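Undergrad: What follows is a predicted structure for the sequence shown.
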Amino acid sequence: MDLLSPFTHWQHHDHDHEHGHAPKHGRLAFLMMWMTVLLPYLAIPLIVVAWWKGFIAGWCLLLFVGMYLFTGFGVTIGYHRLLAHRAFDTFRPLKGLFIVAGAMAIQGPPIKWAATHRRHHQTSDREGDPHSPFIHEEKALGRLKGFIHSHTGWLLTREPGNLNRSINDMATDPVIAAIDRTYYWWILLSAIFPAAIGFACTGTAMGALLGVLWGFVLRIGLVHHATWSVNSICHLFGYRTFKTPDQSRNNLVIGVLALGEGWHNNHHAFPTSARHGLKWWEFDPSYVIIKSMAVLKLVWNVRQPAASAIESRAAQVLVQVLEPTN
């Protein structure tokens with residue numbers, strides 16, 4: 001996958017996309033993907049040494065949590081619910097803020113991210129799904145390969161074909177298109193900001209380095225793996241409230257770590273819903289923020305299924321469970 005190039009780069013490959021072919025990602029994109037997966041692990045021993053030497057203070061943890069929430073909600077609210085599914089509407093400045101926060105998570109330019117996610121819904125757990133765990137035989141080794149593919153392996157594969165067909169509404173939006181074109185600058189800001197906070201807290205180069213480690217490197221790793229776990233774990237482990245044509249599942253642990261995205265079966269049953277946690281105990285902090293913004297009149301047209309629709313879909317699973325088998 002090429003998670004560096006803005007959507008305007010795709011226009012040079014129109015011929016390939018029209019014929020169902022996807023260009024191979026370049027060396028820089030390939031290297032970027034490996035760095036995205038491996039770099040956070042390399043930060044762990046550095047942080048351990050820094051802690052042992054007494055170079056870590058409370059501000060490091062606060063910076064990590066702050067950046068995790070800021071960029072995490074940028075993915076869940078900005079990239080996913082607003083951009084990919086149009087689950088609510090908002091003012092241009094607030095739209096830009098959420099999508100910038102998502103870009104600073106460094107999971108790819110917004111239009112590529114949303115187009116890939118839309119393809120996942122169009123072909124979920126079938127041929128063409130970019131990151132389904134069900135691409136190998138049903139044996140244990142095949143399941144392991146499928147898990148690895150759905151979690152991180154898919155990032156190192158070829159681009160899905162014809163993604164252009166899913167981007168017109170985003171490419172013609174001036175706010176989204178501008179952030180997409182300037183994606184490299186948001187990557188840079190994502191590193192500079194925590195470094196500046198670290199320097200401001202300590203006045204030293206070591207403080208700036210610790211800011212990068214906690215607010216950039218380690219934070220990227222945990223936010224990425226939380227998002228990837230929705231692709232992998234939430235198609236393998238958990239419970240199913242609704243009957244869907246895929247294997248999406250609700251998972252409590254991922255529901256917490258991924259800021260409400262772990263209620264994945266609910267999401268696949270009602271893709272355009274701004275609310276993923278549909279039961280009182282399915283905590284969905286992303287929806288809490290959206291709902292709060294709706295109360296403040298900052299967002300509107302917040303989409304969620306009616307109670308009757310939820311009951312009807314859930315009853316399909318109940319009937320399936322109670323029906324006798326021959």
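TA: Noted; the coordinates are in hand. Numbering: from 1, shown residues only.
Undergrad: which residues of the stretch 201-326 of the chain fall in strands?
TA: Taking DSSP state E, counting those that start in this stretch, the strands of the stretch 201-326 of the chain run over residues 299-300.
Undergrad: burial measure for G54, as a count.
TA: Residues near G54, counting by other CB atoms under 10 Å, number 7. Bear in mind the C-beta positions are built from the backbone N, C-alpha and C, glycine included.
Undergrad: remind me which residues of this structure are low pLDDT?
TA: Per-residue confidence for the chain (pLDDT under 70) gives these ranges: 1-4, 8, 10-30, 136-140, 317-326.
Undergrad: wait, what's in contact with the residue positioned nearest the centre of it?
TA: By CA atoms, centre = their mean, the chain has its centre lying nearest to T227, at 4.5 Å. Neighbouring residues of T227 by CB atoms under 8 Å, 6 or more residues apart in numbering: V75, A105, Q107, A258, E261.
Undergrad: do that again at 10 Å, thanks
TA: Neighbour list for T227: 72, 75-76, 79-80, 105, 107, 113, 254, 257-259, 261 [criterion: CB atoms under 10 Å, 6 or more residues apart in numbering].
Undergrad: could I get those as a markdown table with neighbour count?
TA: Conversion of the contacts of T227 to a markdown table gives the following (neighbours: other CB atoms under 10 Å):
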| residue | neighbour count |
| --- | --- |
| G72 | 25 |
| V75 | 28 |
| T76 | 30 |
| Y79 | 27 |
| H80 | 24 |
| A105 | 27 |
| Q107 | 23 |
| W113 | 24 |
| I254 | 24 |
| L257 | 20 |
| A258 | 28 |
| L259 | 26 |
| E261 | 25 |
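Undergrad: could those residues be laid out in TSV, adding distance to N231?
TA: TSV is the format used below for the contacts of T227 (distance: CB to CB, whole Å):
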residue	distance to N231
G72	16
V75	13
T76	14
Y79	14
H80	12
A105	15
Q107	12
W113	12
I254	10
L257	13
A258	10
L259	15
E261	10
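Undergrad: wait, doesn't Y239 sit right on G262?
TA: No: contact between Y239 and G262 fails when scored by CB atoms under 10 Å: they sit 11.3 Å apart.
Undergrad: what do the two both touch?
TA: Listed as contacting both Y239 and G262 by CB under 10 Å, 6+ apart are R249, N250, N251, L252.
Undergrad: and the last one, what is it in contact with?
TA: This means L252. Per CB under 10 Å, 6+ apart, neighbours of L252: G238, Y239, G262, W263, W281, E282, F283.
Undergrad: Repeat the analysis, applying 8 Å as the threshold.
TA: Counting by CB under 8 Å, 6+ apart, L252 makes contact with G238, G262.
Undergrad: Distance from the chain centre to stretch 151-162, please.
TA: 15 Å (CA atoms, centre = their mean, to the nearest Å).
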